[in-house]
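Here's my sequence, what's the structure:
(chains A and B)
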Amino acid sequence: MKKRLFAALLAGAVAVSMVACGGSGSGSSSSSSAPAADAAATGEAAAPAEAGDGEYKIDVICKTLSSEYWTYIQAGAEAYAKEHPGVTVDVKGPPSETSYDEQMNMIQTDLGSGAYDGYIIAPLQADTVKTLIAGTDKPIMALDSRIDAPEVISFIGTGNEEAAKAGAAAAVEAAKAAGWKEIKCIEIAGVQGDGTNTARMNGYIAGIEENGGDFLEDEVQYADAVADKAVTCMEGIMSNHPEGVAIICANNDDMALAAANKAAELGLEGYKNTIFLGFDGQIPAAQAILDGKMTMSTAQNPYNMAYKAVETMVAYLNGEQVDPVVDSGYTIITKDNAQEHIDTLNSYGK
Amino acid sequence: MKNSKLGGLSSYLGTLGALLILCVVLTIASPNFMTYSNIMSVLKQTSFTALLSTGMLLCLITAGIDLSVGANATFCACILGMLVKGGMTNPVILIIIALVAGTCIGLINGTLLTRLHLPHPFVSTLGMKNFLWGAALLVTGSQMISGFPNGVMALGSATIGGFPVSFIVVVIIYVIMHIVLTRTALGRSIYCAGGNMEATRLSGIDAANVLTFCYALSGFMAAIAGLVSVGRSGICNGANAIQPYDTDAIASCVIGGASFMGGKGTMFGTIIGALVIATLRNGFTLLSVDSAVQNMVLGLVIIGAVLLDVTRESMAAKARRKEAAAKAA
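Okay, here's the model as predicted:
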């Protein structure tokens, strides 16, 4: 009996000590070199707060931390805190961008704890966050995706829809340049029912249609945002359209690259000049664009986005006026600027 | 008889101890852990998993499994979403429809197993999970739906002096199920079905009905969980159906002492298991632990709990052998 109890206690202690180690680990892992120059230069939304003006603890809840995009978000937010000694940020996020429940729990826990002066939330499900934050008296700002609620003071980000629309417009131009007469576009989409997915799709539809292309809405393929399913979708597209499709746009880079690789592997004549448009513009994708494996990608600027979000929050906490929308911009990555983009991302020192 | 009861107690003493240690350590590590509002957060977060675990436990006791619980909960929420979008606002009718839908799906799971003789419920409920995922997206047109009437939301959102109503419901259900499992013929039949199917049949228990009951109840609990989720989040979303709710429910049961071999597991152990998972997640958030580390720790806790269970089992077997040897000598 004693032995059993001891074993149980030990198991508990192991779990608990791992928690403690993890906590201290992430606390000390704030990033090193931080090029704030570009962020500060474009930061017209609010004057930078004087350091030491007030001690603020800011909570940044991401959509996840397990993807490259969100590590830049983390780097941007932590860079601001590093430069401003009075400000501390806690950056956290659920295991994946479909962990709706876990993000909900995180938000609930942190709002309930009262440990923070302000909350910056990148909502997986904006309407859920709206329910959770109803009646909160602490300032809340939306990051990356909008939250339509009276408690939200500002939105910092680029709409997925706007960025996707710009990417699609650029893709149509590229398709025309490549000699396509009839510009058909098929999308390989992410998780059906997911908010980001819907926003990007709407952007693609608008961008293609407004520029004289034809977005085949009935033929959208859902690949759950993963590469191997995108390959299956691409195979299906090629069977249905042996004559070729001008633009294949995907909800993220992984899927666009996977589809492009599959088309190259089979070497169908109709797909030699197809424009493969991705989203996110992460290093592997930019490298693939540089190598000619993929055509282009729309990159949001996560580092700036997070930096500006913390900056805006501090300005608000200092009693300054802040804009309801702070645009962090986007870049269309093509062969011309891919190298420059890679260098910028690498300079974030993650 | 007395001995086996003591054994039951010791089986969750370990888990209870782990939960208490966890709480003590978190209290020391974070000043915000042991506050009223945070503990209430933990309870709110426990409710959903605890409800799914109720049905899961029954299935596990019968040596089965129900992988469709999470998708079923999401599906029920989405059915509500569809009706609300279509203009129905009477909360009583909405709730009844959700409960009936969930129970029917559970009933189908049970029928597939017992009347149509599909092999292990792993297969049929996995199929059902995929079916419900698609169906949930279909009925909502792949959109998130909000704007549920307050009467429907109340179960998941209402509190009494800060104490979540959903957890009160959980406590009531757990007490009732505890009584059913330990004090009634039905409960004994459920344990019996998990122990030895042939012996169950020979002792005159209608195993098919007992199993069907377990899966139907699992569906019913999933429907309640779906109502709680609608109340908590204010929305329904078909994409939620692929969330690992089922594994969380299984983990709660297993941490609480249930076994895949069947015949084991208690309501008390299961609620502790659900609380351990919710408390760990809550603590991780308060301490801003990396989500990668969170997943690893949760995995280790599950493995550790099963390891503990196996060790306990083999020690008990050894003790029995010794006793038998001593008697023989």
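
what's the next secondary structure element after the helix or strand that contains residue B:275?
If you go by DSSP states H and E, residue B:275 is part of helix B:267-286. From helix B:267-286 onward toward the C-terminus, using DSSP H and E, the following helix or strand is helix B:291-328.

which other helices and strands contact that next one?
The contact analysis (3 or more CB pairs under 8 Å, 6 or more residues apart in numbering or on different chains; DSSP states H and E) places helix B:291-328 against helix A:2-27, helix B:2-29, helix B:245-255, helix B:267-286. Where C-beta positions appear, they are placed from N, C-alpha and C, glycine not excepted.

Distance check, residue A:290 against residue A:281.
For residue A:290, the distance to residue A:281 equals 12 Å [CB to CB, to the nearest Å].

Neighbour count for the two, which is higher?
Set residue A:290 next to residue A:281 and count neighbours by other CB atoms under 10 Å in any protein chain shown: residue A:281 wins out with 29 against 18.

If I look at that one, what pLDDT would I see?
Model confidence at residue A:281, given as pLDDT, is 88.

Helix, strand, or coil at the closest residue to it other than its chain neighbours?
Counting by CB to CB, 6 or more residues apart in numbering or on different chains, the nearest residue to residue A:281 once its immediate chain neighbours are dropped is residue A:299, at 2.6 Å. Using DSSP: H, G, I helix; E, B strand; the rest coil, the structure places residue A:299 in strand.

what does residue A:155 give?
Applying three-state DSSP: residue A:155 is strand.

Bridge partners for it, pull those for me.
Assessed by DSSP bridges, residue A:155 has beta-bridge partners residue A:142, residue A:325.

What about it, how many residues nearby?
Neighbours of residue A:155 using other CB under 10 Å come to 21.

what's the answer for residue B:138, then?
Number of residues near residue B:138 (other CB under 10 Å) recorded here: 14.

Could you look up the SS state of it?
Per three-state DSSP, residue B:138 ends up helix.

Enumerate every residue touching residue A:231.
By CB atoms under 8 Å, 6 or more residues apart in numbering or on different chains, the contact list for residue A:231 reads A:258-259, A:261-262.

Helix or strand: which one has it?
Counting by DSSP H and E, residue A:231 is found in helix A:227-240.

avg pLDDT for that helix?
Helix A:227-240 carries an average pLDDT of 89.

Kindly report the same for stretch A:113-123.
Taken as a whole, stretch A:113-123 has a mean pLDDT of 92.

Also stretch B:187-199?
Mean pLDDT, stretch B:187-199: 85.

low-scoring stretches of the stretch 251-350 of chain A, by residue?
Residue ranges of the stretch 251-350 of chain A with pLDDT under 70: A:349-350.

which residues does the closest residue to residue B:109 other than its chain neighbours contact?
Using CB to CB, 6+ apart and skipping residues adjacent in sequence, the residue nearest residue B:109 is residue B:215, 4.3 Å away. Contact partners of residue B:215, counting by CB under 8 Å, 6+ apart, are B:55, B:59, B:64, B:66, B:106-107, B:109-110, B:113, B:121.

how does it look with 7 Å?
Residue B:215 sits next to B:59, B:66, B:106, B:109-110, B:113 when contact means CB atoms under 7 Å, 6 or more residues apart in numbering or on different chains.

ditto for residue B:162
By CB under 7 Å, 6+ apart, the neighbours of residue B:162 are B:36-37, B:40.

Distance-wise, check it relative to residue B:35.
According to CB to CB, residue B:162 and residue B:35 sit 11 Å apart.

Checking my notes, residue B:117 in a helix, right?
No: applying three-state DSSP, one finds residue B:117 to be coil, outside a helix.

which residues does it contact?
Contacts of residue B:117 (CB under 7 Å, 6+ apart): none.

With residue B:207 instead?
When contacts are counted by CB under 7 Å, 6+ apart, residue B:207 touches B:193, B:197, B:200-201.

let's see it at 6 Å
Residue B:207 is in contact with B:193, B:200-201, counting by CB atoms under 6 Å, 6 or more residues apart in numbering or on different chains.

Go through those residues and name the one nearest residue B:263.
The nearest member of the contacts of residue B:207 to residue B:263, counting by CB to CB, is residue B:193 at 8.5 Å.

Neighbours of the closest one, how many?
Other residues within reach of residue B:193, judged by other CB under 10 Å, total 25.

residues touching it, list them.
Residue B:193 sits next to B:62, B:200, B:207, B:210 when contact means CB under 6 Å, 6+ apart.

and if we set it to 7 Å?
By CB under 7 Å, 6+ apart, the residues touching residue B:193 are B:62, B:200, B:207, B:210-211.

Just the ones of those in helices?
B:200, B:207, B:210-211 (DSSP state H).

For residue A:233, see how far away the residue of the stretch 201-350 of chain A at minimum distance from chain B is.
Proximity to chain B, evaluated over the stretch 201-350 of chain A using CB to the nearest CB, is greatest for residue A:224 at 8.3 Å. Residue A:224 is 10 Å from residue A:233, where distance means CB to CB.

and the closest residue to chain A within the stretch 151-300 of chain B, what does it touch?
Residue nearest to chain A within the stretch 151-300 of chain B: residue B:234 (3.2 Å; CB to the nearest CB). Residues near residue B:234 by CB under 7 Å, 6+ apart: A:127-128, A:130-131, B:146, B:148, B:153.

Now do the SS call for the residue most central in space within chain B.
The geometric centre of chain B, computed from its C-alpha atoms, lies nearest to residue B:53 (CA atoms, centre = their mean), at 0.7 Å. Following three-state DSSP, residue B:53 is assigned to helix.

That one reaches residue B:274, doesn't it?
Yes: contact between residue B:53 and residue B:274 holds when scored by CB atoms under 7 Å: they sit 5.5 Å apart.

so what's in contact with the two at the same time?
The contact sets of residue B:53 and residue B:274 overlap at residue B:252 (CB under 7 Å, 6+ apart).

ranges for the strands of chain A?
Remark: strands assigned in chain A by DSSP state E are A:56-61, A:87-92, A:118-121, A:140-143, A:152-157, A:184-189, A:214-215, A:221-222, A:247-250, A:275-279, A:296-300, A:325-327, A:330-333.

could the ones you listed go into JSON lines alongside distance to residue B:125?
Shown next, in JSON lines, are the strands of chain A (distance: least, CB to CB, whole Å):
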{"stretch": "strand A:56-61", "distance to residue B:125": "33"}
{"stretch": "strand A:87-92", "distance to residue B:125": "33"}
{"stretch": "strand A:118-121", "distance to residue B:125": "35"}
{"stretch": "strand A:140-143", "distance to residue B:125": "38"}
{"stretch": "strand A:152-157", "distance to residue B:125": "40"}
{"stretch": "strand A:184-189", "distance to residue B:125": "28"}
{"stretch": "strand A:214-215", "distance to residue B:125": "38"}
{"stretch": "strand A:221-222", "distance to residue B:125": "24"}
{"stretch": "strand A:247-250", "distance to residue B:125": "33"}
{"stretch": "strand A:275-279", "distance to residue B:125": "36"}
{"stretch": "strand A:296-300", "distance to residue B:125": "40"}
{"stretch": "strand A:325-327", "distance to residue B:125": "46"}
{"stretch": "strand A:330-333", "distance to residue B:125": "44"}
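
wait, which of these is closest to residue B:130?
Closest approach to residue B:130 among the strands of chain A is made by strand A:221-222 (14.0 Å; CB to CB).

Let me see the mean pLDDT of the closest one.
Here the average pLDDT along strand A:221-222 is 90.

Repeat that for stretch B:228-240.
Summarised as a single mean, pLDDT over stretch B:228-240 is 88.

How far away from the center of its chain is that stretch?
Once both centres are worked out by CA atoms, centre = their mean, to the nearest Å, stretch B:228-240 turns out to sit 18 Å from its chain's centre.

and the end-to-end length of that stretch?
Stretch B:228-240 has an end-to-end distance of 14 Å (criterion: CA to CA, to the nearest Å).
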